[in-house]
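[1] dropping the sequence and predicted coords here.
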Amino acid sequence: MKISGVDIRPGNIIEYEGGIWRAVKIQHTQPGKGGAYMQVEMKNLIDGRKTNVRFRSAETVERVRLDTKDFQFLFADGDGLVFMDKDTYDQVTLPRDLLGDAAAFLQDGMDVVMELHEEKPISVQLPNQVEATIVEADAVVKGQTASSSYKPAILDNGVRIMVPPHIASGTRIVVDVYEQTYVKRAD
């Protein structure tokens, strides 16, 4: 499906110069002279390259529709991550860098959604929030609990995040996977 260059939104998958790209950031600009344009930061979903492209309002790009399939994460094998198709039980090994920083939040048996383009895995979507345990947290400084300050803490997967002062080591919390931020205490 063709869309205008100024209709590109973050998260859109487009075909550009023979590659499959995901729009990461956009900025619409309307200068005093000349036509409006959209400055788009894109990431290649095949090899991970990044680029900035300027699309004029008259230009069109091909928007790509990806197929989605439910998979289950089985285990990490060196730099590879092994997933199982929940329908056919086929196993697929993907490179760890395909998931980026979110790979640290994978847990054995976790259900994920894999995006495929022409039957080739392009990306993996984890749940937006996961539960994790604080293994190390700084001590609370007296008198700091009333302010909206945060302190550093390390999760059981080794990721460092900022948490409110009342969170101590051993506490189960809910973490936003993609922003790597504290959401709430786990129930």
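    Here it is on my side, so go on.
[2] R22 bridge partners, please.
    On the basis of DSSP bridges, R22 is bridged to I13, K43.
[3] ok, and the closest non-adjacent residue to D111?
    Excluding the flanking residues, the one nearest D111 by CB to CB, 6 or more residues apart in numbering is Q72, at 5.6 Å. The C-beta positions use only the backbone N, C-alpha and C, and glycine is treated the same way.
[4] run a quick neighbour tally on the one you found.
    Q72: 16 surrounding residues under other CB atoms under 10 Å.
[5] doesn't it lie inside a strand?
    Yes. Per DSSP: H, G, I helix; E, B strand; the rest coil, Q72 lies within a strand segment.
[6] sketch out the low-pLDDT regions of the protein for me.
    140-148 (pLDDT under 70).
[7] 90 instead, please
    Residues of the chain meeting the criterion pLDDT under 90: 1-50, 53, 55-68, 76-81, 92-109, 113-153, 156-159, 161-171, 176-187.
[8] I figured the residue nearest to D111 hits D108, correct?
    No. In this structure, Q72 is not within contact of D108 by CB atoms under 8 Å, at 9.2 Å.
[9] any idea what the residue nearest to D111 is bridged to?
    As assigned using DSSP bridges, the partners bridged with Q72 are M84, D111.
[10] mind starting the numbering at 822 from now?
    Okay, using 822 as the starting number, the last item reads as Q893.
[11] residues contacting it?
    F904, M905, K907, G930, M931, D932, V933 (CB atoms under 8 Å, 6 or more residues apart in numbering).
[12] same thing but 6 Å
    Contacts for Q893 (CB atoms under 6 Å, 6 or more residues apart in numbering) come out as M905, K907, D932.
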